[in-house]
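Q: A structural model of the following input is requested.
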Amino acid sequence: MLGDVNISAILDSFSVSYDKRVRPNYGGPPVEVGVTMYVLSISSVSEVLMMKVICDNFVHCAIFTFFGDQELSTDSKPKDFTLDFYFRQFWTDPRLAYRKRPGVETLSVGSEFVKSIWVPDTFFVNEKQSYFHIATTSNEFIRVHHSGSITRSMR
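A: Predicted structure coming up:
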């Protein structure tokens, strides 16, 4: 409870006739999903192989790969690296909108709630391996704005 507002009742109301298998606005326009990435670290990059980006007026760029002092072709085999980052997604699901109450403009909920709602299937092309940081608990949360605007954050 927050003041006279029952947060559990708001969260419970979302499960009434909600089907997470169906995207928001089904049959209408596609769901627009915004994404941001905050890079914490880049690691496992070969120290011998380096890339040089040459841009002409910041419009046309060419990437050249170097091995020591010797330049390799621009179509050399891609190199691997590791990123540790926070990844956020933003979308609107009108089915999760609720009446605005004093002190309850946004609900912040943990990873258990994520299992009960529709979430975008975002992926990284050419990804070799990925995992979520789960040191003691899942590093994921959802914010549900009273308008149905959703923010999902993961590490």
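Q: contacts only, for L40.
A: L40 makes contacts with 84-86, 155, as judged by Cβ atoms under 8 Å, 6 or more residues apart in numbering. Every C-beta, even on glycine, is put in place using the N, C-alpha and C of the backbone.
Q: what of R152?
A: By Cβ under 8 Å, 6+ apart, the contact set of R152 is 88-90, 114, 119, 140-142.
Q: just the residues you listed: which are in helices?
A: Mapping the contacts of R152 onto helices (DSSP state H) picks out V114.
Q: with neighbour count, pLDDT and distance to R99 as extra columns, can I get the contacts of R152 in CSV?
A: Shown next, in CSV, are the contacts of R152 (neighbours: other Cβ atoms under 10 Å; pLDDT from 0 to 100; distance: Cβ to Cβ, whole Å):
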residue, neighbour count, pLDDT, distance to R99
R88, 15, 90, 26
Q89, 17, 92, 25
F90, 16, 94, 22
V114, 16, 83, 23
V119, 16, 90, 24
E140, 18, 81, 26
F141, 15, 86, 23
I142, 21, 90, 19
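Q: beyond the longest helix anywhere in the chain, next helix or strand please.
A: Criterion DSSP H: the longest helix present in the chain is helix 7-14. Once the chain leaves helix 7-14, the next helix or strand it forms, by DSSP states H and E, is strand 34-43.
Q: partner strands of that next one, parallel or antiparallel?
A: Strand 34-43 pairs in its sheet with strand 82-92 (antiparallel), by DSSP bridges.
Q: list the contacts of the strand it pairs with.
A: Applying Cβ under 8 Å, 6+ apart, the contact partners of strand 82-92 are 24, 31-45, 119-120, 122, 133, 147-155.
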